[in-house]
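Student: Need a 3D model of the following:
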Amino acid sequence: MTTEEKNVRGDWEYRLKKNRDEMRMQVVSFALMLFLTLVAFFAVSYDKYSAWFIVPFILLLGVVQVVFQLYYFMHMSHRGHGTAAFFLYSGVLVAFLTVLTFLTIVWI
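Tutor: Numbers count the residues shown, from 1 in each chain. You can find the predicted model right below:
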């Protein structure tokens with residue numbers, strides 16, 4: 001086996017392992033998102049909690065799911081997505097500040 005063939009084989013094995021690890025993380029995050037969805041359904045169906053607890057709790061679960069979606073399914077955890085991540089987080093910051101501003105205006 002020549003040096004070039006060893007390099008190709010090593011590169012192939014590296015990519016195979018990397019893809020396997022990435023697929024494992026996607027399956028785990030998908031299972032976690034299903035679990036969070038079930039928790040949200042059970043929280044709504046459980047009659048002991050008030051709406052003042054349920055609504056923020058479901059919104060928190062939704063934010064956690066959005067983070068999982070971005071990092072694992074939209075591949076934002078990979079290198080080279082810095083610019084897209086910057087614009088995405090800037091948009092989230094602007095949306096948060098806009099909602100905060102409107103809430104402040106309404107409450108004052």
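
Student: So, low pLDDT: which residues of this protein?
Tutor: 1, 4-6, 8, 75-78, 108 (pLDDT under 70).

Student: Any idea which residue is closest to the centre of it?
Tutor: residue 68 (1.7 Å; CA atoms, centre = their mean).

Student: quick one: which helix or strand includes that residue?
Tutor: In the assignment (DSSP states H and E), residue 68 maps to helix 51-68.

Student: Pull the distance from that helix to the chain's centre.
Tutor: 13 Å (CA atoms, centre = their mean, to the nearest Å).

Student: Give the buried residues for that helix.
Tutor: 58, 61, 65, 68 (16 or more other CB atoms under 10 Å). Just so you know, the C-beta spots here come from the backbone N, C-alpha and C atoms, and that holds for glycine as well.

Student: tell me the contacts of the last one?
Tutor: Read that as residue 68. 29, 32-33 (CB atoms under 8 Å, 6 or more residues apart in numbering).
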